[in-house]
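Chemist: Pasted the sequence and its predicted model underneath.
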Amino acid sequence: MLAHALLGGVIYGCYFALVGLGLNLVFGVMRIVNLAHGDVLMLGAYAAFFLFHLFGLSPFIAAPVVIVGFFLLGLPFYYLVVPRLALAKDAEMLSLILFFGIQQIIEALAAIAFGSSERSIPGRVLGIGPFHLLGETLSRAWVIGGAIAAAAVLALYLYLYHTRSGLLTRAVMASREEALASGIDMHRISARAFAIGLALAGLAGVFAPFMLGSVTPAMGTSVNLAAFAVIIVGSLGNPLGTVAGGLIYGVGLLLMQTYASAWADLLPNLLLIGVLLVRPTGLLGRRVRLA
Amino acid sequence: MSPEPPPLLAVDRLVKRFGGFRALDGVSFSLKAGEVLGLVGPNGSGKTTCINTISGLYPPDGGAVRFAGERLGGLAPHRRARLGINRTFQSPRPFASLTVRQNVALAAAYGRRHGAGGTVSLAALLAMLELDHLADRRAEDLNSAQQKQLDLARALATGPRLLLVDELAAGLNPAELTRMAERLAALARDGMALLVVEHLLSFLDRLTDRVIVMNAGREIFEGTLAAATREPEVVRVFLGSDHAG
Amino acid sequence: MRDFLAVGLPVVVIFALLPLIYANQLLLFNFVLFLILAQGLNAIYGFTGYLPFGYVGFFGAGAYGFALAVMHLAAPPGLALALAGLAAIVLAMILTPLLRLSGAYFAIANLAAAQAVYQVIANPALQEITKGPYGVSLASVFAPRLSYGAALLILAGVFALVAWLRHGRFGLALQAGRDDPVSAAMAGIPVVSARIIAWLISALIAGLAGGVFAWHISVFYPETAFDLSFSIFAIVFTLFGGAATLTGPIAGVLLLYGLYNLIGISVPQYFQLIYGALIVGLVLFLPRGLASLLQRRGIDVP
Ligand SMILES: Nc1ncnc2c1ncn2[C@@H]1O[C@H](COP(=O)(O)OP(=O)(O)OP(=O)(O)O)[C@@H](O)[C@H]1O
Ligand SMILES: [Mg+2]
């Protein structure tokens, strides 16, 4: 049982790393808290659902469609909202409230358009039969969701560390002031990071029906809390710290579900509060955020 | 031989680190009531850090600050204010959404030193710092020279015995400079001790002839301003910067 | 005091008289409830700048404090209400370390805390004590007119409190600490303890609101008492009208909650859409609320 929980935890951990990844990238680059992150994920899940039920497209096809689509939507959206926000004195706090408003809009529109009933995609579309790994039998859908998430994390790593645009992105993350002074086109880099953040959330959404259960317009808030727990445990503003956060979260969640299932829902919240109070910089972080 | 009373402020081998970097690297000096000490040095030499540490914003990483003979240790800034230590800020930090009068009244209400009594009335203080006609304006609507005056008014409202002044002269016009120098000199005559950080040496020259020169967190010279300008090391340090005064 | 007499008291009196001419007492009660909650949130957000997304946690703690006092101690409503306030204060004390966090970190941690309290109370494992997810019924103390009156009393108290915060020394000190904690400390203000006091006051207000809510509706579920909408509404109403004023949150509640009841009840999504758009518009174009329209012209908004 322990081995199963640990293995499942690692798989879930990869997935939760993906859930937090985009949120953390956006925060790292823009110092903006995208409270609508969970709702973007929800939209990705609905996209996968409708692509499957209306056109019979499997999530493997939905994934690239969602990634490209969300990326392309993210660019204009950035220019519409963020530059204006950045003018304000207390941009971080205002961003929180602003994206909270955007979250409400998305949630309302989704409820109006899709209704509030629970939607799902049958697990067999990802392949039939259980999956054997290290002597444990696991759900095939889980393994695939986890593997795709790991691939996405790796892709972001390659982008950040092995492309020119990624280098500039990291420069902005390290110090906005210095990046600005050195003549980097801040808005272009930020817009790209923002759009990538949305695309990553969308991708996580495509596999949400298999990893998180059924999909509803109101799922955003709980996804957000999980995502915040993951990135705060990892390290805010450091996208790759998200992986550590995701793994701790995933293993913790599965252990709780195995040994104390009644209290498993408490985990993200307690983890989040605990880490914030003990080490507000995240387990891997160094930036101090005390009042 | 009558025993010398302890100095009002005694800073002893003070160290302040940021990460591995020593912003203050063993600074020592002392200051008596009614005395004015100038603190000069190039940008980043640790002057503001020195004021911040004395006023309690940073806990020191080594050394000690003694005030009226008492070791301050980790005493919180608001308690130091009530003991009679106050300061201005290099870039003014008013309570932006409150009025000028409220800014100063709060400091008088919360920060007044025990035993300071009602030395100066609020109205007199505002008048002295040329803020009386602005009393009901929000602090954020003031220009930066006025905000500096407000910073000083707020510090004085607590009735300090020791005033730490961080680059008050920058941005004042010649007439304002003269009045400001006279004001600070008058405070010292009334017994207040002043530590004055200043790039503008001509301003400092009107207040005191005793200065400390800092570089890279260390004190490299102590003596008169005139002697400092003749000291080769001081000249070398300042020629490296564009603020030779 | 002037603000309270000019603005607060008339609102209380109007809501005391309205039941004589308007029959929907539940709706009137909800207005009073949101007036209380918006001012309670104002006390912490408006005066210290800390935005508690999990404000509903104190409301729920109050509602359950009231319910548990009635169910297990057979407490009379007055005592149960006091215990509701106490429950919220105790929760706030446990959560004081959150005040060490700044900005978004505080808001999110507070939201997580509210969720955690909900998950504990709604947990089937605690059914013996809290009735878990099955909700509580307090028919024995049901008294809609009395509880409406109690809500009005609380409202009057909360108005007086906010009026005092606006002009009293303590409230100004809080605002100074919000504007600049460093220079506030140099002005001798004990910024941290002042914030903690504001935090406890704000929690107490939400706890009392939760208690009187439990009393008034008498049957409710954990997801009703911990409905995130309470936080959301309180935040939106306060921001919309203008934080750190007495009038702002009142205007926010009357206008927006009025609008909500005109269009919202049957299709809440449409209202959610509208207030979502309102928030976005506010942040982008009017971040300090309606009151700032007047304040910008140099008019002091009570
Ligand atoms: N809070 C801080 N965190 C990290 N480094 C700091 C901090 N405050 C100051 N420093 C560093 O300590 C050094 C001394 O800074 P300080 O502000 O004391 O210099 P200064 O002498 O006042 O310079 P200036 O004339 O420019 O005001 C600088 O290198 C600065 O970058
Ligand atoms: Mg300085």
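Modeler: Sure thing, it's come through. Everything numeric here is computed off the predicted structure, so don't read it as measured data. Ligands and ions are numbered 1, 2, ... in the order given.

Chemist: backbone phi and psi for whichever residue of the stretch 51-200 of chain A sits closest to chain B, please?
Modeler: For the stretch 51-200 of chain A, the residue closest to chain B is A:Lys89, as judged by C-beta to the nearest C-beta, at 9.1 Å. Where C-beta positions appear, they are placed from N, C-alpha and C, glycine not excepted. Its backbone dihedrals place A:Lys89 at phi -70, psi -50, with angles given as degrees, to the nearest 10.

Chemist: now the helices for the stretch 101-250 of chain A?
Modeler: Using DSSP state H, counting those that start in this stretch, the helices of the stretch 101-250 of chain A run over A:140-162, A:164-174, A:176-181, A:186-206, A:208-211, A:220-234, A:241-259.

Chemist: just for chain B, where's the confidence low?
Modeler: B:1-3, B:115-120, B:239-245 (pLDDT under 70).

Chemist: Give me the residue at the spatial middle of it.
Modeler: Centroid-nearest residue in chain B: B:Leu164, 1.7 Å away (criterion: C-alpha atoms, centre = their mean).

Chemist: does that residue belong to a helix or a strand, and which?
Modeler: Taking DSSP states H and E as the definition, B:Leu164 sits inside strand B:162-166.

Chemist: returning to what we had before: separation between the residue nearest to the centre of chain B and C:Gly248?
Modeler: 39 Å (C-beta to C-beta, to the nearest Å).

Chemist: Which residues does the strand holding B:Leu164 contact?
Modeler: Strand B:162-166 is contacted from outside by B:8-9, B:31, B:47-48, B:51, B:54-55, B:67, B:84-90, B:152, B:155-156, B:184, B:187, B:192-198, using C-beta atoms under 8 Å, 6 or more residues apart in numbering or on different chains.

Chemist: and the nearest residue to C:Pro97 once chain neighbours are set aside, what does it touch?
Modeler: Closest residue in space to C:Pro97, ignoring its immediate chain neighbours: A:Leu277 at 5.1 Å, by C-beta to C-beta, 6 or more residues apart in numbering or on different chains. With contact taken as C-beta under 8 Å, 6+ apart, A:Leu277 is in contact with C:Pro97, C:Leu98, C:Arg100, C:Leu101, C:Ala109.

Chemist: which one of the residues you listed sits closest to chain B?
Modeler: Out of the contacts of A:Leu277, the member with the shortest distance to chain B (by C-beta to the nearest C-beta) is C:Arg100, at 14.7 Å.

Chemist: For the residue lying closest to B:Arg137 once chain neighbours are set aside, the count of nearby residues, please.
Modeler: Spatially, and ignoring its direct neighbours in sequence, B:Arg137 is nearest to B:Val100 (5.8 Å; C-beta to C-beta, 6+ apart). Other residues within reach of B:Val100, judged by other C-beta atoms under 10 Å in any protein chain shown, total 28.

Chemist: so B:Val100 sits right up against B:Asp136, yeah?
Modeler: Yes - using C-beta atoms under 8 Å, B:Val100 is in contact with B:Asp136, at 7.2 Å.

Chemist: Residue 29 - how many residues pack around it?
Modeler: Answering for chain A, as no chain was given. Using other C-beta under 10 Å, the number of residues around A:Val29 comes to 25.

Chemist: right idea, wrong chain: chain C
Modeler: 21.

Chemist: if I look at it, how far off is ligand 1?
Modeler: Using C-beta to the nearest ligand atom, to the nearest Å, C:Phe29 is found at 51 Å from ligand 1.

Chemist: what's near enough to touch that residue?
Modeler: Residues C:Pro144, C:Ser147, C:Tyr148, C:Ala151, C:His216 are the ones in contact with C:Phe29 under the rule C-beta under 8 Å, 6+ apart.

Chemist: Check A:Asn224 too.
Modeler: For A:Asn224, the contact set (C-beta under 8 Å, 6+ apart) comprises A:Leu35, A:His37, A:Gly38.

Chemist: just those residues now: which is nearest B:Val27?
Modeler: Taking C-beta to C-beta as the measure, A:Leu35 is the one of the contacts of A:Asn224 closest to B:Val27, at 46.1 Å.

Chemist: That closest one - nearest residue in space that isn't next to it in sequence?
Modeler: Spatial nearest neighbour of A:Leu35, excluding adjacent residues (C-beta to C-beta, 6+ apart): A:Phe99 at 4.1 Å.

Chemist: now do C:Ala156
Modeler: Computed as C-beta to C-beta, 6+ apart, the closest residue to C:Ala156 that is not its neighbour in sequence is C:Val12, at 4.8 Å.
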